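Visitor: all I have is the shape, not the residue letters:
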């Protein structure tokens, strides 16, 4: 069944033939022009639906002079529909607690409540309706089918089960796909060693988590006497942080586990979060599954689409969600997109390098933009890299300095003083070549930095401390 309607109506008993590459062959391989025409019709339905039910959208669009009846082309959508931001959502929920005046279904229909942690301000609540949860499960199952997963396969979910949507979306998709869902979780004391034990015994086909946790797990597993390749994993898919599309990180995970490494994920607000995800054959970068969530890569100042081959920030629009539909939600991430032949045969645009990171996480050092993912890639290609590092930006006088503190692998310091010196020289030379500026490098012993079961936080900006000190001293 390939019907495509709004609201979606999927047969819960539907499965493609087991040998089929595609879940919905027509939708996944149709010519771009036909898909864009279908997306336009869906956008007309989605915008009418939201305008009628959500004061948030009606108010914002009236102020911008847009009405859904004006939508005649994708260019109209881009030109006339304003973007929305996370700040807009927080303000809406402050005005209309708890789910905001963009909730389009009665609260009684809400099936799951998730949200942001609220560490940087008011938390944002996600109210997900029962019908939406089924649509999310179907979308995730379909995309996981594209990764090569089939009914009966075991999917090991090694991510935190809390407000975080990645673990729940993966679980819902695995259940809809009729896999053996293994919601192991993450975060509790001693859990990483237990994960190694369970993986060694059950040998699941697939693993979901963050790239940082997969690398940490490998260290712990080896310390416990296990060889990660013996877990028998065939597919490892990741979200939550950049990494699975970064060549150094991706290749390191692939080498350690002997598995395909597939990047996926967009934003929690956009669940199904795997609306940008690689496939079994196209496992470098991420496909934009445009008939699930319409993705535009836009100039971060004008919010107009950039040409294929250019960098910009993704702007996302739900095409199937009915409870809290996001329409032109600005991600704040940075990526590059292309529209070229994909090895899997799907005709979606692709993000060949995945998500580089958040625009506001970009570091500017002596006038040069530095992306933490670029440093990650360089260090993960060092033979003696110990698995963790910290990026420290300081200021001496009026000059920014970039210091990269790098853990050495076990045994490096035991080889004598020359080994860490050689490692420092190699890291410095490679960083300068990639970044275009000089970086100070310090090699530190193994175990210097704590590991994480979730998203790694590796950037320390000491310039604010320096500015505050100068202000106190009146300089």
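Guide: Done, it's in. Just so we're clear, the structure is a prediction, and the values are computed from it rather than from any experiment. Residues are numbered from 1 along each chain as shown.

Visitor: now do the contacts for the closest residue to residue 185 other than its chain neighbours.
Guide: In this structure, residue 185 finds its nearest non-sequential neighbour in residue 161, 5.1 Å apart by C-beta to C-beta, 6 or more residues apart in numbering. Using the backbone N, CA and C atoms, a C-beta is placed for each residue, glycine as well. Residues near residue 161 by C-beta atoms under 8 Å, 6 or more residues apart in numbering: 167, 168, 171, 183, 185.

Visitor: so which of these belong to strands?
Guide: In strands, defined here by DSSP state E, there are no members of those.

Visitor: give the buried subset of those residues as a PyMOL selection command.
Guide: Of the contacts of residue 161, the buried ones can be selected in PyMOL as follows, counting by 16 or more other C-beta atoms under 10 Å:
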select buried, resi 167+168+171+183+185
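
Visitor: and which of the contacts of residue 161 is nearest to residue 88?
Guide: Minimum distance to residue 88 across those is 24.3 Å, recorded for residue 168 (C-beta to C-beta).

Visitor: state the distance from the closest one to residue 41.
Guide: Noted for residue 168: a distance of 30 Å to residue 41, by C-beta to C-beta, to the nearest Å.

Visitor: what's the answer for residue 365, then?
Guide: 47 Å.

Visitor: try residue 137
Guide: Counting by C-beta to C-beta - residue 137 and residue 41 are separated by 24 Å.

Visitor: neighbour-wise, which of those two wins?
Guide: Set residue 137 next to residue 41 and count neighbours by other C-beta atoms under 10 Å: residue 137 wins out with 22 against 12.

Visitor: and residue 92, that's in a helix?
Guide: Yes: assessed with DSSP: H, G, I helix; E, B strand; the rest coil, residue 92 lies in a helix.

Visitor: so what's the residue count around the closest residue to it other than its chain neighbours?
Guide: Leaving aside its chain neighbours, residue 92 sits nearest to residue 100 (3.7 Å; criterion: C-beta to C-beta, 6+ apart). Residue 100 has 22 neighbours, counted by other C-beta under 10 Å.

Visitor: the one 4 residues further on now?
Guide: Around residue 104 sit 21 other residues, with neighbours defined as other C-beta under 10 Å.

Visitor: in this protein, which spans are helices?
Guide: Remark: helices assigned in the chain by DSSP state H are 25-29, 32-53, 55-64, 74-80, 86-95, 130-146, 165-176, 191-202, 211-223, 247-257, 372-380, 418-435, 463-473.

Visitor: ok now the fourth one, how far from the chain's centre?
Guide: Read that as helix 74-80. Offset of helix 74-80 from its chain centre (C-alpha atoms, centre = their mean, to the nearest Å): 26 Å.

Visitor: quick check: mean pLDDT of it?
Guide: Taken as a whole, helix 74-80 carries a mean pLDDT of 96.

Visitor: check the second one too.
Guide: Averaging the model's pLDDT scores along helix 32-53 yields 97.

Visitor: go on, stretch 108-124?
Guide: Throughout stretch 108-124, pLDDT has a mean value of 79.

Visitor: returning to what we had before: relative to residue 229, which of the helices of the chain is closest?
Guide: Residue 229 sits nearest to helix 247-257 of all the helices of the chain, at 6.2 Å, using C-beta to C-beta.

Visitor: give me the residues contacting that closest one.
Guide: In this structure, residues lying in contact with helix 247-257 by C-beta under 8 Å, 6+ apart are 207, 211, 214-215, 218, 228-229, 231, 233, 236, 243-244, 259-261, 263, 284, 376-381.

Visitor: now the strands for the stretch 201-350 of the chain?
Guide: 206-209, 235-238, 260-263, 276-277, 286-288, 293-298, 311-318, 327-330, 333-336, 350-351 (DSSP state E, counting those that start in this stretch).

Visitor: so which bits of the third one are buried?
Guide: In other words, strand 260-263. 260, 261, 262, 263.

Visitor: tell me how many other residues crowd the residue nearest to residue 80 when sequence neighbours are not counted.
Guide: Nearest non-adjacent residue to residue 80, counting by C-beta to C-beta, 6+ apart: residue 66, 4.4 Å away. Neighbour count for residue 66, taken as other C-beta under 10 Å: 20.

Visitor: wait, residue 66 touches residue 81, no?
Guide: Yes: contact criterion C-beta atoms under 8 Å: residue 66 and residue 81 qualify, at 5.7 Å.

Visitor: contacts only, for the spatially most central residue of the chain.
Guide: Nearest to the geometric centre of the chain sits residue 265, at 3.3 Å (C-alpha atoms, centre = their mean). Neighbouring residues of residue 265 by C-beta under 8 Å, 6+ apart: 166, 238, 239, 240, 273, 274, 276, 277, 355.

Visitor: mind running it again at 6 Å?
Guide: The contact partners of residue 265, taken as C-beta atoms under 6 Å, 6 or more residues apart in numbering, are 239, 273.

Visitor: could you measure from it over to residue 205?
Guide: Applying C-beta to C-beta, the value for residue 265 to residue 205 is 20 Å.

Visitor: try residue 336
Guide: Residue 336 is 31 Å from residue 205, where distance means C-beta to C-beta.

Visitor: quick check, pLDDT for residue 459.
Guide: At residue 459, the model reports a pLDDT of 81.

Visitor: residue 456 now?
Guide: On the pLDDT scale, residue 456 is placed at 72.

Visitor: same check on residue 429?
Guide: Residue 429 carries a pLDDT score of 92 in this model.

Visitor: could you do the one 5 residues further on as well?
Guide: According to the model's per-residue confidence, residue 434 sits at a pLDDT of 84.

Visitor: number of nearby residues for it?
Guide: For residue 434, the neighbour count with other C-beta under 10 Å is 15.

Visitor: now swap in residue 332 and tell me
Guide: Residue 332, neighbours per other C-beta under 10 Å, totals 16.

Visitor: which parts of the chain belong to which domain?
Guide: The record assigns the chain these domain ranges, following automatic domain parsing: 1-356, 362-473.

Visitor: of these, which stretch is the most buried?
Guide: Mean neighbours per residue, mean count of other C-beta atoms under 10 Å, is largest over the domains of the chain for domain 1-356, with a mean of 19.

Visitor: what's the spacing between it and its chain's center?
Guide: Its chain's average C-alpha position is 8 Å from that of domain 1-356, according to C-alpha atoms, centre = their mean.

Visitor: from residue 250, how far off is residue 148?
Guide: Residue 148 is 17 Å from residue 250, by C-beta to C-beta.

Visitor: that older thread, how near is the residue nearest to residue 92 to residue 172?
Guide: From residue 100 across to residue 172, the span is 23 Å (C-beta to C-beta).

Visitor: residues touching residue 222, list them.
Guide: Contacts of residue 222 by C-beta under 6 Å, 6+ apart: none found.
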